[in-house]
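Q: Here is the input, now give the coordinates:
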Amino acid sequence: MRRRDFLAAAAATVPLWQLRRLAPGADAAPAPLARPFDLARVRLGPGPFLDAMQVNRRYLMGLEPDRLLHTFRLTAGLPTSAEPLGGWEAPENELRGHYTGHYLSACALMSASLGDADVKARGDLMVAELARCQQALGNGYLSAFPEELFDRLRAGRPAWAPFYTVHKIMAGLLDMHTLAGNAQALDVLRGMVRWTAGWVQPLGDDAMARVLEREYGGMNELLYNLSAVAGNAWYAELAHRFDHERFFGPLAGGRDELKGLHVNTNVPKVIGAARRYELTGEARYREVAEYFWREVTTRRAYCTGGTSNGECWNTDPGVLAAELSAGTQECCTSYNMLKLTRHVFGWTADPAAADYYERLLWNGVLGTQHPADGQKLYYVPLASGYWKLFGTPLHDFWCCTGTGCESASKFGDSIWFHDDDGVWLNQFIASEVDWAEKGVRLVQETRFPAVGGTAVTVRAARPARFALRVRVPAWTRGGGAALNGRSLDGFAAPGGYFVLDRTWRDGDRLEVTLPMGLHVHPMPDDPTVQAVMYGPLVLVGRLGADGITAENRRAGPTPPRMVPEFKYEPPAVPALVVRSDDPSTWIRRVTDGAEGPVPGGAAPGAAPGDLRAPTFRTSGQAQDVTLAPFHSVIDERYAVYWKVVREA
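A: Residues are numbered from 1 along each chain as shown. Below you'll find the predicted structure:
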């Protein structure tokens, strides 16, 4: 959008229904094929995800509001005697305040997920105090750093991502409004948007393009979301000024020009493109989002579903074998790829999107929080011999600390979707969903992944007709279904959905078996470099704790670091010599995961929900290794990828 057009749109309040008129060539806003259930309608049942959510709740409620607000009050000239936080929230750090935005989102998500009044009250307190800071500043601005950082951004001088930080605060306020019902949060957010519009207004198109070269988070997504909530297209027009055309152009043309780019700078932009498509129907923005999603998930993702090495895409697509390090798979990228995948599934109802979501959720998100204290990871090292380096209490507050707190507050997200005629069950996570429009509740009971399968019980005051669509993952080995104890014919092939469309009555129970098996995930550019998987789970070799010391077990605070550090190179992991491409011929099951704890106990610090995870062991090797699901391995070294050599 050109500057003169933006100024004309800003001169009046424009209702959302007129947005299509402001976007030439747009079709009508599309109706999604599948709609996710609101978080407040989903409750988790017993299992590793509920365990992780409770750990995160303790972490969130253990943080002191005055310390989170300290630098905001300093900037606003308000009195504060709180002890400053460290790391990226320290008073001298230019990203200070970003975590407080994430904290608002996490409180909103957690309060909706658990129906937790105490967490909601904490979020309400934070909003009220931030409103005081904004009022003291007097012009709508709200941040933990002064406007001088934005002056430097406008002038092209170094400034560490001021719009990135402000985006987190704005997104947290919108979440507190939409998820926690806080009206004051919307008022504060509108003040910040007015300030943002005033800052952007004088910039010509070239100047704005230079601004967009600095990481700005999901400013476009946030403003599109606000436009939908407020029913005001003017917010969407402001959002459009944050659509990065230099980045979108190649994607719209079906070209992968991602090499050399910082990953988490750009994934949020694509989520913004997805939101523009959903509001306007402009097919180009769907093309941007879908091409990007396909390219990253199929050609730039590891066995875990994660992407990035040293925060960047360093190679051409499909070249990953040499991209293994202690700094692979920044956790923020996993958080944002899950968000994007949720949009893609809503448009397509494609089971491949749900398969990818599952793989990344289990291997790239669940195991990135320490079960003892809720500290989060920055990177998930995929090079052999390293370990997961968690943050230090009250110090690090990385970007991934913030997204990690959000992820572990919304594990009920994307388990269930629906349309007017039925539901999709996408994730095998014990949960209950309230489908009020149909007058039914669906209760999923599962011990997945200890047991390959799930069961759904219908609770209904009166009979209801709908289709229950259960994902049959691409990884499953056959499978079957039974209704009220009687076997059903016509089970779906892997990579689809088993659909049962009928009139359901209270107490009806559908049981689905989804046998899991061992398989390998080779690197696209070197098929001899392989990861071993069991169903959707990446199995890693447990290498013990040698080399992990009190000094390098955690990230800091002195010296600060985000990757594990040895005083020597990590020990080499021997190659696996095999006679067959079938891993079941050289890996045997140690426990089936259904009968009790892993012999010798779980990994140090492992959550209770992980005790029943199946474990395996190599056989016939010079030195055999025990393999366990990646999410369950904490505070020990591991190997993800192996050099696999066929015996002559």
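Q: Domains in the protein, by residue range?
A: Per automatic domain parsing, the domain ranges recorded for the chain read 1-25+203-299, 63-197, 417-513.
Q: Can you check which of the ones you listed gets nearest to residue 39?
A: domain 63-197 (4.2 Å; CB to CB). Yep, even glycine has a C-beta here, placed from its N, CA and C like the rest.
Q: pLDDT averaged over that closest one - what is it?
A: For domain 63-197, mean pLDDT is 98.
Q: With stretch 265-276 instead?
A: So the average pLDDT for stretch 265-276 ends up being 98.
Q: Contacts for it next, please.
A: Defining contact as CB atoms under 8 Å, 6 or more residues apart in numbering, one finds that stretch 265-276 is touched by 215, 217-221, 224-225, 228, 236, 239-240, 242-244, 247-248, 251, 258, 282, 285-286, 288-289, 292-293, 296, 333, 336-337, 339-340, 343-344.
Q: mind checking how far it is from the chain centre?
A: 14 Å (CA atoms, centre = their mean, to the nearest Å).
Q: How about stretch 454-464?
A: On CA atoms, centre = their mean, the centre of stretch 454-464 falls 30 Å from the chain's centre.
Q: in that stretch, what counts as buried?
A: If you call a residue buried by 16 or more other CB atoms under 10 Å, then stretch 454-464 has these buried ones: 454-458, 460, 464.
Q: now do stretch 56-65
A: 56-57, 59-60, 63.
Q: With respect to residue 422, which of the buried residues of stretch 454-464 is nearest?
A: Closest to residue 422, out of all of the buried residues of stretch 454-464 and judged by CB to CB, is residue 464, at 10.6 Å.
Q: Just grab the bridge partners of that closest one for me.
A: Per DSSP bridges, the residues bridged to residue 464 are residue 504.
Q: Go ahead and confirm it touches residue 504.
A: Yes. Residue 464 is in contact with residue 504 according to CB atoms under 8 Å; the separation is 5.5 Å.
Q: so which of the domains of the chain gets nearest residue 528?
A: Closest to residue 528 of the domains of the chain is domain 1-25+203-299 (CB to CB; 19.0 Å).
Q: before we move on, the earlier item: filter the contacts of stretch 265-276 to the buried ones?
A: In the contacts of stretch 265-276, the ones that pass as buried (16+ other CB under 10 Å) are 215, 217-221, 224-225, 228, 236, 239-240, 242-244, 247-248, 251, 258, 282, 285-286, 288-289, 292-293, 296, 333, 336-337, 339-340, 343-344.
Q: picking up where we left off before, in strands, which of the buried residues of stretch 56-65 fall?
A: Of the buried residues of stretch 56-65, none are assigned to strands by DSSP state E.
Q: Return the member of those nearest to residue 583.
A: Out of the buried residues of stretch 56-65, the member with the shortest distance to residue 583 (by CB to CB) is residue 56, at 34.0 Å.
Q: That closest one: what's it in contact with?
A: 106, 110, 369, 374, 405, 408-409.
Q: And the longest helix along the chain, how far out from the chain middle?
A: The residue-count maximum for a helix in the chain (DSSP state H) belongs to helix 117-137. Per CA atoms, centre = their mean, the displacement of helix 117-137 from the mean C-alpha position of its chain is 25 Å.
Q: what sits up against it?
A: Applying CB under 8 Å, 6+ apart, the external contacts of helix 117-137 come out as 57, 60-61, 65, 68-69, 72-73, 75-78, 100, 103-104, 107-108, 110-111, 140-142, 169, 173, 176, 180, 182, 184-185, 187-188, 191-192.
Q: beta partners of residue 376?
A: residue 369.
Q: just checking, it touches residue 367?
A: No. Residue 376 is beyond contact range of residue 367, at 10.9 Å (criterion: CB under 8 Å).
Q: Show me which of those two is the more surrounded one.
A: residue 367 (27 against 24; other CB atoms under 10 Å).
Q: Now do the same for the closest residue to that one other than its chain neighbours: its pLDDT.
A: Of all residues beyond its chain neighbours, the one nearest residue 367 is residue 631 (3.3 Å), with distances taken as CB to CB, 6 or more residues apart in numbering. pLDDT for residue 631: 97.
Q: same thing with residue 597?
A: Per the predicted model, pLDDT is 30 at residue 597.
Q: Same question for residue 552.
A: pLDDT at residue 552 comes out at 87.
Q: How about the contacts made by residue 154?
A: 199, 203, 207, 211.
Q: Which of those residues fall in strands?
A: Short answer: the contacts of residue 154 have none in strands (DSSP E).
Q: Let me have these in a markdown table, extended by distance to residue 583 and neighbour count.
A: Converted to a markdown table, the contacts of residue 154 look like this (distance: CB to CB, whole Å; neighbours: other CB atoms under 10 Å):
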| residue | distance to residue 583 | neighbour count |
| --- | --- | --- |
| 199 | 56 | 19 |
| 203 | 56 | 16 |
| 207 | 56 | 13 |
| 211 | 50 | 20 |
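Q: Now distance to residue 512 too, for these, in a markdown table please.
A: Below are the contacts of residue 154 laid out as a markdown table (distance: CB to CB, whole Å):
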| residue | distance to residue 512 |
| --- | --- |
| 199 | 53 |
| 203 | 55 |
| 207 | 56 |
| 211 | 51 |
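Q: Which single one of the residues you listed is nearest to residue 553?
A: residue 211 (40.5 Å).
Q: Can you pull up the most central residue in this protein?
A: residue 335 (2.0 Å; CA atoms, centre = their mean).
Q: Now do the phi/psi pair for the nearest residue to that residue once chain neighbours are set aside.
A: With CB to CB, 6+ apart as the criterion, residue 335 has its nearest non-adjacent residue at 3.9 Å, and that residue is residue 403. Note on residue 403: backbone dihedrals following degrees, to the nearest 10 are phi -70, psi -30.
Q: Alright, I will stop here.
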